[in-house]
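In: quick one, what's the 3D model for this:
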Amino acid sequence: MNADNPGASRLALLIAGGFVEGVRVSPSGDLWARCPFHKEETVAFHISPAKLLFKCFGCGISGRVCRFLELTRGVEAEEAARILKDLIQLAAFTPSAGRNRPRRAGELLGGLFESYALRLRSGAKSLTTGFERLDALSGGLSPGELTVLAARSGVGRTSFGIALLLHVGLKLGRPVAYVSGPLAPPQATERLLGALAGFHPRNLPTELLGGGERRALREASERLAKAPIYLPLEAPRSLNSLGDLTRSLRREQGVEFFVYDGIEHLAPQASLSVGAGLRDLARDLDLHLLATSRLKTRGQTQVHDLPADLFSNASSVLLLSQSEVAASERGFRRLCLEVAKSKAGPLGSLSLALNLDSLTLSEPGV
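Out: Numbering: from 1, shown residues only. Model prediction:
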């Protein structure tokens with residue numbers, strides 16, 4: 001990215017935060033991009049991390065980067081100043097070639113904990129998943145992190161992604177986005193409606209519905225219409241197109257949680273693996289990204305079934321498989337969700353129940 005001043009270039013990218021496109025970083029660490037405040041094709045927008053100034057040589061807008069943070073993040077001046085301090089700390093503690101001097105752990109602790117405190121004060125807080133045991137093990141859905149869920153076909157990975165999507169989008173009221181590799185947008189919408197209405201998507205045609213089901217479908221449609229849930233009309237098939245889509249949703253809709261269901265459909269870039277690309281995307285845009293992966297193995301899902309690229313780059317890794325314990329109720333399938341990697345530290349597992357009629361997940365006993 002930049003051989004001369006990696007700390008400056010990292011800070012410039014953190015300040016930009018995915019709100020600009022066409023990014024180029026100079027050897028001095030200055031950032032050039034297309035202006036986010038007016039439509040243009042030329043790279044005329046400039047951020048100087050050394051001077052903490054920005055300017056567009058096209059439309060003329062300029063000022064200190066705190067003002068840029070105010071405009072792009074929608075925050076007040078005091079909060080923008082706190083965010084900037086946080087970004088400076090994060091840039092200072094990012095390993096980079098050219099700053100390899102070994103330091104004692106004690107030298108890093110002060111700035112590290114200050115960074116955590118500033119990030120919390122700036123509003124970057126974890127979101128709950130809707131599953132209490134999972135939140136206790138994983139620490140919830142934190143901004144800037146990648147969670148990978150792996151499961152065999154037909155076990156319930158799409159149901160899991162939709163469960164988290166509806167919890168964050170409906171219950172928490174936060175902007176979310178859902179992209180499915182195997183499902184077209186109309187099919188994905190059917191799954192969302194079925195989860196809210198409480199019956200299998202195959203029963204959605206109105207001629208198959210009774211009066212109660214039609215009321216449930218109408219109420220589910222009204223809830224879904226008001227929810228800040230975004231479904232792109234076409235699923236991106238490459239890291240580049242996924243990056244463009246996610247930046248647009250983050251900038252224009254404020255999306256905080258993004259679900260990509262079926263990353264086996266996603267092609268890597270020439271110099272970047274899928275896992276590293278998803279990790280960088282979550283970090284650069286400061287959102288939580290959930291990626292589900294279909295495994296071709298049989299039997300219980302194991303850690304070694306997951307590609308090493310995905311495991312090493314994810315903050316959390318979840319393995320979903322059918323439980324050997326029979327479901328206590330008819331019409332349900334008992335599943336086991338294993339937390340195989342967690343930023344919070346503890347590993348463990350929890351039981352989930354898949355409703356075979358609505359294809360929704362619940363946590364038994366909670």
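In: state the pLDDT value of the residue nearest in space to the middle of the chain.
Out: By CA atoms, centre = their mean, the chain has its centre lying nearest to Leu289, at 1.8 Å. On pLDDT, Leu289 comes in at 95.
In: I'd assumed it was in a strand, is it?
Out: Yes. Checked against DSSP: H, G, I helix; E, B strand; the rest coil, Leu289 lies within a strand.
In: quick one: the nearest residue to it once chain neighbours are set aside from Glu222, how far?
Out: Closest residue to Leu289 apart from its sequence neighbours, by CB to CB, 6 or more residues apart in numbering: Ala282 at 4.2 Å. The C-beta positions use only the backbone N, C-alpha and C, and glycine is treated the same way. Relative to Glu222, Ala282 is positioned 32 Å away (CB to CB, to the nearest Å).
In: more neighbours: the two, which one.
Out: Applying other CB atoms under 10 Å to Ala282 and Glu222 shows that Ala282 carries more neighbours, namely 25 against 11.
In: residues contacting the more buried one?
Out: For Ala282, the contact set (CB atoms under 8 Å, 6 or more residues apart in numbering) comprises 144-146, 288-289.
In: then Arg223?
Out: Contacts of Arg223 (CB under 8 Å, 6+ apart): 170, 196.
In: which strand or helix spans it?
Out: helix 211-226 (DSSP states H and E).
In: strand partners (parallel or antiparallel) of the helix or strand just after that helix?
Out: Following helix 211-226 in sequence order, the next helix or strand is strand 229-230 (DSSP H and E). Applying DSSP bridges to the sheet, strand 229-230 is found paired with strand 176-180 (parallel).
In: looking at the partner strand now, give me its mean pLDDT.
Out: Throughout strand 176-180, pLDDT has a mean value of 93.
In: list the buried residues in the very next helix or strand once past it.
Out: Sequence-wise, the next helix or strand downstream of strand 176-180 (DSSP H and E) is helix 185-197. Judged by neighbour count (16 or more other CB atoms under 10 Å), helix 185-197 contains these buried residues: 188-197.
In: dump the residues you listed to TSV, plus pLDDT and distance to Lys39.
Out: Compiled in TSV, the buried residues of helix 185-197 are given as follows (pLDDT from 0 to 100; distance: CB to CB, whole Å):
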residue	pLDDT	distance to Lys39
Ala188	88	30
Thr189	88	30
Glu190	85	35
Arg191	88	35
Leu192	91	32
Leu193	87	35
Gly194	86	39
Ala195	90	38
Leu196	90	37
Ala197	85	41
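In: residues in a beta bridge with the residue nearest to the centre of the chain, which ones?
Out: Legend: beta-bridge partners of Leu289 under DSSP bridges are Leu146, Phe258.
In: that one contacts Leu278, doesn't it?
Out: Yes. Counting by CB atoms under 8 Å, Leu278 is a contact partner of Leu289 at 5.8 Å.
In: pLDDT weak spots in the chain?
Out: Scanning the chain for pLDDT under 70 picks out the ranges 1-7, 18, 90-125, 201-209, 270-271, 297-304, 325-329, 344-346, 366.
In: again, 50 this time
Out: Along the chain, the model assigns pLDDT under 50 to residues 1-3, 93-101, 107-108, 110-111, 114-115, 117-124.
In: which residues in this protein form strands?
Out: Using DSSP state E, the strands of the chain run over residues 21-25, 31-34, 45-48, 53-56, 62-64, 146-152, 176-180, 229-230, 257-261, 288-295, 316-322, 332-341, 348-355, 360-362.
In: for the longest one, give me every contacting residue.
Out: In other words, strand 332-341. Applying CB under 8 Å, 6+ apart, the contact partners of strand 332-341 are 131, 134, 137-138, 155-156, 160, 301, 303, 306, 311, 314-323, 325-328, 346-356, 361, 364.
In: now swap in the first one and tell me
Out: Among residues not part of strand 21-25, those counted as contacts by CB under 8 Å, 6+ apart are 1-2, 9, 12-13, 16, 31-34, 36, 43, 244, 247.
In: may I have that strand as PDB, with CA atoms only?
Out: C-alpha atoms of strand 21-25 as PDB (Å, rounded to 0.1, in the frame of the first residue of the first chain):
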ATOM      1  CA  GLU A  21     -14.300   5.500  -3.500                       C
ATOM      2  CA  GLY A  22     -11.400   5.200  -6.000                       C
ATOM      3  CA  VAL A  23      -8.900   5.400  -3.200                       C
ATOM      4  CA  ARG A  24      -5.200   6.000  -3.900                       C
ATOM      5  CA  VAL A  25      -2.500   6.400  -1.200                       C
END
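In: list the strands paired with it, with their directions.
Out: Strand 21-25 pairs in its sheet with strand 31-34 (antiparallel), by DSSP bridges.
In: got the buried residues for the partner strand?
Out: Result for strand 31-34 [16+ other CB under 10 Å]: buried residues 31-34.
In: send the alpha carbons of it over as PDB?
Out: In PDB, the C-alpha atoms belonging to strand 31-34 read as follows (Å, rounded to 0.1, in the frame of the first residue of the first chain):
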ATOM      1  CA  LEU A  31      -5.100   9.800   0.500                       C
ATOM      2  CA  TRP A  32      -6.700  10.700  -2.900                       C
ATOM      3  CA  ALA A  33     -10.200   9.600  -3.900                       C
ATOM      4  CA  ARG A  34     -13.400  10.600  -5.500                       C
END
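In: quick one: that strand to chain centroid distance?
Out: With CA atoms, centre = their mean, to the nearest Å as the basis, strand 31-34 stands 24 Å off its chain's centre.
In: and for stretch 356-366?
Out: 23 Å.
In: tell me which residues in that stretch are buried?
Out: Neighbour counts over stretch 356-366 (16+ other CB under 10 Å) mark 358-363 as buried.
In: many thanks, have a good one.
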